[in-house]
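**Q** one predicted model, sequence on top.
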Amino acid sequence: MTPGPTDADLAQIIRTLDRHGVKYVIVGGMAAWVHGAQRPTRDVDVVASSGTDNLARLGAALRELKAQIRGAPPLPEAVMAAQLHPAALANRQFGNWTTEAGELDTALFIGSREDQLDYESLLGHAVRTELQGVPLVIASLSDIITAKEPPTETRIAKPSPSCGASTRPSSTELCRR
């Protein structure tokens, strides 16, 4: 596989996560690209296992990558150490980081609160591939799509009978009740 359409150095980020033993699955634009999407992405998105030991390894990897909170002024090392503590990463649930290898987004789950896909859920359907000799674990296309859908209670399973359709309509085909 050739490098994807990203400003981030995927290989450097993945090698660093792997060197620290972080359990994660790649999601987001990079995962979609592996499945054939043509849209460019500026970052690498991962869902990490939420175990305390794994979050400690994630924090160590982020320190090695010289992570800073994206959009915030650079923080002193001591402040970043507190931000990268396992308890802080668990409380944050989502992190948007600027690193020396590019932008990295971390999460403990994707999808809505009602339809969460955590590391363990994603791993069961994940695709394994390689980029420049670096093994990758990529979320399945079905999991990527599920994560982008609205919460279960807002989905329309089938159109109302007045629409006259027998299958789920597209967003432009929905009729009002």
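**A** Perfect, I can see it now.

**Q** I'd like to know how many residues surround the residue nearest to G51 when sequence neighbours are not counted.
**A** When the adjacent residues along the chain are set aside, G51 lies closest to K23, with 7.6 Å between them (CB to CB, 6 or more residues apart in numbering). C-beta: built from backbone N, CA, C; applies to glycine. The number of residues packed near K23 is 20, by other CB atoms under 10 Å.

**Q** and if you look at T16?
**A** 21.

**Q** measure the closest residue to it other than its chain neighbours to D45 for me?
**A** Among residues not flanking T16 along the chain, A61 sits closest, at 5.0 Å (CB to CB, 6+ apart). Here the distance between A61 and D45 works out to 15 Å (CB to CB, to the nearest Å).

**Q** repeat that for D53.
**A** D53 sits 22 Å away from D45, taking CB to CB as the criterion.

**Q** over to L89?
**A** Applying CB to CB, the value for L89 to D45 is 15 Å.

**Q** what's the local residue count around A72?
**A** Around A72 sit 10 other residues, with neighbours defined as other CB under 10 Å.

**Q** give me the pLDDT for it.
**A** Each residue has a pLDDT score; the one for A72 is 93.

**Q** for it, helix, strand, or coil?
**A** The assignment at A72 comes out as coil when based on DSSP: H, G, I helix; E, B strand; the rest coil.
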